[in-house]
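> task: produce atomic coordinates for the following.
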Amino acid sequence: MQQFMLPKLLYIGDVPIESSYHGSTLLYRLLEDYPPEKLLVVEGNVHRSQPERRLPDVRYRSLKVGRERLLRTRFHKFYSGILTRSAPTRVRRVKKLRGGFRPEAVLTVSHGYSWITAARFATKHQLPLHLICHDDWPRVVNLFVNAKSRLDNVFGSVYRQAASRLCISPFMRDAYRKRYGVDGDVLLPFRGADCLTYDEPPQRLLEPSDGLTVAFGGTINTPGYVRALKSLAEILFEMGGRLLIFSPLKTNDARREGLDCRN
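Numbering: from 1, shown residues only. Next up, the predicted model:
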């Protein structure tokens, strides 16, 4: 689509748009060629983008959602429920943050709490809502049982409201079609425009090796990941192999978790 035909787009969400990892990277790649003057990013303050990783020349605003620290305590379920229920009320804050920007469409990701705010904003201003679904949020969110059931109803309503529903896989699309009664499209992960490509494997893979090398790429955010990687590293060490970890995990954190293995 030619740039002059693209709508003025307002992003409201808790997934920061930055060149880093996970959904943030997918959003960055999706919007990196979008005209900066036609895009305004309003991201929740629970997880903020870092300025040096942001889309060049694009305006970013921070929406006060809550305190990230409280989501890392034993009160998580209770506090998460509060942030979920209060999400529609934050439309007024978005109105102030947008200033003179007059959006023609709203984009959000069904993660965290601000997708509810985005849906309410779109309804209030009669704008098309474009919903990206990476995680099955109503099922992965850590809430009390009754609150999860209510959230699923809210999500179903928002999913049906959306002008476009972009699922991360055909399996999610099919499951959501059965669950919520409307079809969606698939937006698969894709490589960045500056990503290197190769026509054949490197020469080193054709040469004899002293041991097996295994690479892990992703975020290590649960004890189960740590245990699995430590176990894998030990097995590889006995075989003369090594484990490569590509992750936003910092050196001190790796040492604390026991992932600074010999191999």
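> rest of the way, CA atoms for contacts and neighbours
Will do.
> how close does Gly211 sit to Ala233?
As judged by Cα to Cα, to the nearest Å, Gly211 and Ala233 stand 12 Å apart.
> common neighbours of those two, please.
Arg242 (Cα atoms under 8 Å, 6 or more residues apart in numbering).
> out of those two, which sits in the busier spot?
Ala233 (22 against 13; other Cα atoms under 10 Å).
> what pLDDT does the more buried one get?
With respect to pLDDT, Ala233 has a value of 91.
> again, but for the one 5 residues further on
Reading off the confidence values, Glu238 has pLDDT 90.
> neighbours around it, how many?
Count around Glu238 with other Cα under 10 Å applied: 11.
> what kind of secondary structure is the spatially closest residue to Leu243 that is not a sequence neighbour in?
Of all residues not flanking Leu243 in the chain, Val214 sits nearest, at 5.0 Å (Cα to Cα, 6 or more residues apart in numbering). Assigned with DSSP: H, G, I helix; E, B strand; the rest coil, Val214 falls in the strand class.
> confirm Ile132 sits in a helix?
No: in this structure, Ile132 is strand, not part of a helix, as judged by three-state DSSP.
> the residue nearest to Leu243 contacts Gly240, correct?
No: assessed by Cα atoms under 8 Å, Val214 is found out of contact with Gly240, at 11.7 Å.
> tell me which stretches of the stretch 151-263 of the chain form helices.
Along the stretch 151-263 of the chain, the segments classed as helices by DSSP state H, counting those that start in this stretch run 170-180, 223-238, 251-256.
> distance to Arg90 for these - can I get that in a markdown table?
Formatted as a markdown table, those follow (distance: least, Cα to Cα, whole Å):
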| stretch | distance to Arg90 |
| --- | --- |
| helix 170-180 | 26 |
| helix 223-238 | 34 |
| helix 251-256 | 35 |
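> by mean pLDDT, show me the worst of the ones you listed.
helix 251-256 (a mean of 84).
> buried stuff in it?
Residues of helix 251-256 include none that count as buried (16 or more other Cα atoms under 10 Å).
> which residue of the chain sits farthest from its center?
Distance from the C-alpha centroid of the chain peaks at Pro208, with 39.9 Å (Cα atoms, centre = their mean).
> contact partners of the worst-scoring helix or strand of the chain on mean pLDDT?
Every helix and strand in the chain was compared by mean pLDDT, DSSP states H and E; the lowest is helix 251-256, with a mean of 84. Residues outside helix 251-256 that contact it (Cα under 8 Å, 6+ apart): Asp260.
> how about low-confidence regions in the stretch 1-150 of the chain?
Across the stretch 1-150 of the chain, the ranges flagged by pLDDT under 70 are 1-4.
> all helices for it, in order.
22-31, 76-86, 91-98, 114-124, 137-140, 145-161.
> other SSEs contacting the fifth one?
Same thing as helix 137-140. Helix 137-140 sits against helix 145-161, with contacts defined as 3 or more Cα pairs under 8 Å, 6 or more residues apart in numbering; DSSP states H and E.
> taking helix 114-124 as reference, get the angle to the helix it packs on.
40 degrees (axes from the mean of the first three to the mean of the last three Cα atoms, to 10 degrees).
> would you mind naming the residues that bridge with Cys133?
Under the criterion DSSP bridges, Cys133 forms beta bridges with Cys167.
> could you measure from it over to Tyr21?
16 Å.
> neighbour count for the two, which is higher?
Cys133 (21 against 15).
> wait, the more buried one sits on Phe171?
No: assessed by Cα under 8 Å, Cys133 is found out of contact with Phe171, at 11.9 Å.
> what lies in contact with stretch 217-225?
Outside stretch 217-225, the residues that reach it (Cα under 8 Å, 6+ apart) are 226, 245-249.
> list only buried entries from those.
So, by 16+ other Cα under 10 Å, the buried ones in these are 226, 245.
> of the contacts of stretch 217-225, which belong to strands?
245-246 (DSSP state E).
> tell me which of the contacts of stretch 217-225 is nearest to Thr89?
Among those, Pro248 lies closest to Thr89 (Cα to Cα), at 33.5 Å.
> cool, thanks, talk later.
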